[in-house]
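*Asks:* Here is a sequence with its predicted model. Questions after.
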Amino acid sequence: MKWFLMLLIFIAGIYYLIAQKKDDLKKKEMMQQAKKEQIATQLDPALPVKTEKTFLIKFSLQTLKTLRGLTEDANEKVRFAAAELLWQLQDESAPGVLKNMLENETEAVVKKNIIEMLAKDKTKLSLALLTEALKDYDKETRLRAVSAIGSFSNKEAIPALSRALEDYDEEVRLKALEAVNSIRRDIEAHKEQQLRELDSKPLFRIE
């Protein structure tokens, strides 16, 4: 009888340990699944409002006024160089100056350089300015703007392409569709990478 009771206790102990292990594994799986769902539903990081600079050289008001004036110089290289410097200095007039240049600039090469400059600076402001270029009468300028917006790889870039998706030129519409698809793939790839990183990290560490 004594051995029978000990056997029952031994079997019950084993059963308890197995059940406990299954319960722990189930909890781990639930926690891991919750984290995966959180990542899957998590919105992409918002674009920064502006590029963060560790330091900025302060120019005098007179120098800034001179630079602003040079954005209307007769020489297209001077116009762009002045606009680029104002943008890099984060001058308060830079957004308005660039918007005006995108609307009124007569030299396609200047608008091309502005679009390339804005595409390197992945911010909400640069994205907003690039959408202005989608209104340009020049087809090549609109195509460059679409390509630039497509390089943002962020969900905020998709609605920015709405105007291009309704463009009267079929090549611009096609380019916009390709850009939207490229952005979508980049976003999905980013989320998949997050999930892979999550799977490679143990939820619990036994010391």
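*Replies:* That came through fine.
*Asks:* and stretch 132-145, average pLDDT?
*Replies:* Averaged across stretch 132-145, pLDDT comes to 95.
*Asks:* I meant to write stretch 94-103 there.
*Replies:* Mean predicted confidence for stretch 94-103 is 94.
*Asks:* what about the helices in the chain?
*Replies:* For the chain, the helices defined by DSSP state H occupy 2-41, 61-70, 76-88, 94-104, 108-120, 124-133, 139-150, 157-160, 162-165, 170-199.
*Asks:* Would you mind putting those helices into CSV with mean neighbour count alongside?
*Replies:* Every C-beta, even on glycine, is put in place using the N, C-alpha and C of the backbone. Shown next, in CSV, are the helices of the chain (neighbours: other CB atoms under 10 Å):
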stretch, mean neighbour count
helix 2-41, 10
helix 61-70, 13
helix 76-88, 18
helix 94-104, 17
helix 108-120, 18
helix 124-133, 21
helix 139-150, 22
helix 157-160, 19
helix 162-165, 18
helix 170-199, 15
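*Asks:* Could you tell me the least trusted of those?
*Replies:* Among the helices of the chain, helix 2-41 scores lowest, at a mean of 58.
*Asks:* Just give me the neighbour total for Thr71.
*Replies:* The number of residues packed near Thr71 is 23, by other CB atoms under 10 Å.
*Asks:* now swap in Asp73 and tell me
*Replies:* 13.
*Asks:* Which residues are in contact with it?
*Replies:* Arg79, Ala82 (CB atoms under 8 Å, 6 or more residues apart in numbering).
*Asks:* What are the phi and psi values at it?
*Replies:* Per-residue torsions, Asp73: phi -60, psi 160 (degrees, to the nearest 10).
*Asks:* what's the spacing between it and Phe80?
*Replies:* Distance of Asp73 to Phe80, computed by CB to CB, to the nearest Å: 10 Å.
*Asks:* Let me see the contact set for Leu98.
*Replies:* Ala83, Trp87, Ile114, Leu118, Leu129.
*Asks:* Now do the same contact list for the last one.
*Replies:* So that's Leu129. Contacts of Leu129 by CB under 8 Å, 6+ apart are Pro95, Leu98, Lys99, Leu102, Leu118.
*Asks:* Kindly report the same for the first one.
*Replies:* Shown in contact with Ala83 (CB under 8 Å, 6+ apart): Thr71, Ala94, Val97, Leu98, Met101, Ile114.
*Asks:* where does Lys53 land on pLDDT?
*Replies:* The per-residue pLDDT of Lys53 was computed as 56.
*Asks:* Could I have the CA atoms of stretch 144-152 written out in PDB?
*Replies:* What follows is stretch 144-152, C-alpha atoms only, in PDB (Å, rounded to 0.1, in the frame of the first residue of the first chain):
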ATOM      1  CA  ARG A 144      11.300  63.300 -60.800                       C
ATOM      2  CA  ALA A 145       9.000  64.400 -57.900                       C
ATOM      3  CA  VAL A 146       7.200  61.100 -58.000                       C
ATOM      4  CA  SER A 147      10.500  59.200 -57.900                       C
ATOM      5  CA  ALA A 148      11.700  61.300 -55.000                       C
ATOM      6  CA  ILE A 149       8.500  60.700 -53.000                       C
ATOM      7  CA  GLY A 150       8.700  57.000 -53.700                       C
ATOM      8  CA  SER A 151      12.100  56.900 -52.000                       C
ATOM      9  CA  PHE A 152      10.700  57.900 -48.700                       C
END
